[in-house]
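Enquirer: sequence and computational prediction follow.
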Amino acid sequence: MSYVTFNTSEIDHMQTYRLLAGSIVPRPIAWVSSISSDGVANLAPFSFFTCVCHAPPLVSISVGERDYNMKDTSRNIIETKGYVIHTVVNETGNAMNESSANFKPEENEFKELDLETEPSQIVKAPRIKDSPITMECELEHLHTYGDKWKTHLVIGRILLWHVREDLMIDGKYINPEKLEPLGRLGGANYCRTQDIFQMERVYPPPDKVHPNEQTK
């Protein structure tokens with residue numbers, strides 16, 4: 001079996017991006033609403049997104065620059081600290097994709113895409129009305145990487161979850177079949193979570209083990 005080998009010191013940043021986006025799949029999509037210090041709301045999706053820690057509840061999004069300038073999302077989060085992450089599902093996929101267009105800083109994506117909003121309870125950034133899951137977050141850390149091609153790694157603390165009631169199982173778990181989350185693959189490819197199966201763990205899950213008995 002033959003392989004193509006890529007040395008990261010010999011390929012450009014775009015090929016590195018293609019390999020990352022095609023190798024680390026599927027990726028959840030953070031649909032992030034933020035607001036500037038002037039009160040202009042912004043909405044944009046990011047698939048370089050993951051959970052960092054559960055205690056405290058930390059999540060990260062990776063925000064590259066556009067034309068060597070910081071994107072509105074990064075700038076807004078630095079200015080106002082609070083933002084909202086929405087889980088992208090089948091029903092909201094098209095609107096999510098449209099929000100990735102190159103809107104001007106003074107343009108409000110919610111109005112441009114005709115998305116109804118409602119106030120968040122803690123942060124200033126609005127949230128999409130009727131979104132199945134939203135997470136109100138505040139900035140914990142921001143790290144900048146790269147020289148010419150800069151990326152801003154935003155680590156935020158989740159302050160509040162809003163989960164649609166019919167998605168909950170026993171008041172503890174989120175039902176993935178009802179949620180129908182959308183995942184990002186490489187290029188323009190996405191995937192739907194339609195084929196769900198279970199595999200029993202070889203050890204008890206964390207919520208079934210007493211904290212003092214968990215292995216380190």
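Expert: Cool, the structure landed. Numbers count the residues shown, from 1 in each chain.

Enquirer: looking at the chain, which helix or strand is least sure?
Expert: Least confident helix or strand, the chain: helix 109-112 with a mean of 91, by mean pLDDT, DSSP states H and E.

Enquirer: so where is the protein shaky, pLDDT-wise?
Expert: Applying pLDDT under 70 to the chain flags the ranges 205-216.

Enquirer: and the helices in the protein?
Expert: 13-23, 72-80, 93-98, 109-112, 176-179 (DSSP state H).

Enquirer: quick check: which of those helices is buried the most?
Expert: helix 72-80 (a mean of 21; mean count of other C-beta atoms under 10 Å). To be clear about C-beta, it is placed using only N, CA and C from the backbone, and glycine gets the same treatment.

Enquirer: what packs against that helix?
Expert: Judged by 3 or more C-beta pairs under 8 Å, 6 or more residues apart in numbering; DSSP states H and E, the packing partners of helix 72-80 are strand 30-35, strand 41-46, strand 57-64, strand 82-87, strand 133-145, strand 151-163.

Enquirer: report the angle between that helix and strand 30-35.
Expert: Orientation check (axes from the mean of the first three to the mean of the last three C-alpha atoms, to 10 degrees): helix 72-80 against strand 30-35 gives 50 degrees.

Enquirer: what's the angle between helix 72-80 and strand 41-46?
Expert: Helix 72-80 and strand 41-46 are oriented at 130 degrees to each other (the same axes, to 10 degrees).

Enquirer: that older thread, export the helices and strands packed on helix 72-80 to JSON lines and tack on distance to residue 6 and mean neighbour count?
Expert: Compiled in JSON lines, the helices and strands packed on helix 72-80 are given as follows (distance: least, C-beta to C-beta, whole Å; neighbours: other C-beta atoms under 10 Å):
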{"stretch": "strand 30-35", "distance to residue 6": "27", "mean neighbour count": "27"}
{"stretch": "strand 41-46", "distance to residue 6": "24", "mean neighbour count": "23"}
{"stretch": "strand 57-64", "distance to residue 6": "20", "mean neighbour count": "19"}
{"stretch": "strand 82-87", "distance to residue 6": "32", "mean neighbour count": "24"}
{"stretch": "strand 133-145", "distance to residue 6": "20", "mean neighbour count": "17"}
{"stretch": "strand 151-163", "distance to residue 6": "19", "mean neighbour count": "17"}
